[in-house]
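A.B. asks: Predicted coordinates and the sequence they were generated for:
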Amino acid sequence: MVLFKWAIGIFVMMCSPAVALTQTPSATPTATPCTTIGPPTLSATLTGVQPALPGVGDQVVLTFQASARGGLPTYSVFGFTPVLQGNPPSVHHTMFSMPAQFDLTAAQAGTAMVNLSVNFETATGCAENPIFHFVTLTAGPFAVGVVSPTPSATATPTATPMQSPTPPDDDGCAVIPPGSARDGTLLLLSLPAWILRRRGRKSGSGPSRGREGPP
């Protein structure tokens with residue numbers, strides 16, 4: 001029995017180095033490279049206001065230009081009341097290079113503070129294996145001034161100078177003003193009677209040539 005145990009011990013000692021030489025060392029996993037993508041940002045500019053200085057009651061067109069890392073942007077505006085009024089629909093584009101326009105109405109004088117909201121697709125995570133998703137960012141506010149309507153100037157009537165009637169060419173006759181035509185007529189009618197009466201007076205005042213008295 002003791003001999004048997006001794007034989008097994010010798011066999012194990014002889015086989016152990018061979019077993020050790022046949023074992024393969026475990027491989028160390030290689031780390032996957034990752035270039036981190038930063039958070040998305042939005043840059044926007046109000047490039048146009050038509051008309052340039054809107055008045056109350058005008059239709060106002062706002063034009064925006066935006067840029068960001070991504071695509072498929074959807075634009076909308078908010079925060080412009082009560083100076084501007086309206087409910088313009090959202091504007092959809094496939095890329096940021098296309099401008100977005102919104103139609104509003106100038107409701108009252110003042111300064112409207114317009115904000116631009118953009119929902120777009122972007123990437124986050126590792127640049128080698130990015131994750132795509134949609135985010136919403138805002139830009140602004142952008143100031144848009146509205147002025148009061150200019151009152152229309154009231155036209156002042158121009159006084160027309162009165163012109164005196166031009167008398168006809170003088171032909172030796174007295175001109176009777178239109179306002180005293182009746183008095184002139186009476187004067188003309190009474191003139192012959194006055195002449196006859198005067199002549200009668202002259203005849204009566206001379207030496208009497210009637211019948212002579214008795215001798």
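C.D. replies: In hand now; what should we look at? Note that the structure is predicted; figures quoted are calculated from it, not measured.

A.B. asks: The residue nearest to Pro39 when sequence neighbours are not counted - how many residues pack around it?
C.D. replies: Excluding the flanking residues, the one nearest Pro39 by Cβ to Cβ, 6 or more residues apart in numbering is Thr124, at 7.3 Å. Bear in mind the C-beta positions are built from the backbone N, C-alpha and C, glycine included. Neighbour count of Thr124, defined by other Cβ atoms under 10 Å: 15.

A.B. asks: Mind listing what's buried along the host helix or strand of Thr124?
C.D. replies: Per DSSP states H and E, Thr124 falls inside strand 110-126. Of the residues in strand 110-126, those scored as buried under the neighbour-count criterion (16 or more other Cβ atoms under 10 Å) are 110, 112, 114, 116-118, 120-122.

A.B. asks: Same question for stretch 60-70.
C.D. replies: Burial within stretch 60-70, assessed by neighbour count using 16+ other Cβ under 10 Å, is assigned to 60, 62, 64, 66, 68, 70.

A.B. asks: is it true that the fourth one touches Ser76?
C.D. replies: No - distance between Ala66 and Ser76: 11.7 Å, which falls outside the contact criterion (Cβ atoms under 8 Å).

A.B. asks: which residues are common contacts for the two?
C.D. replies: Here Ala66 and Ser76 share the contacting residues Leu116, scored by Cβ atoms under 8 Å, 6 or more residues apart in numbering.
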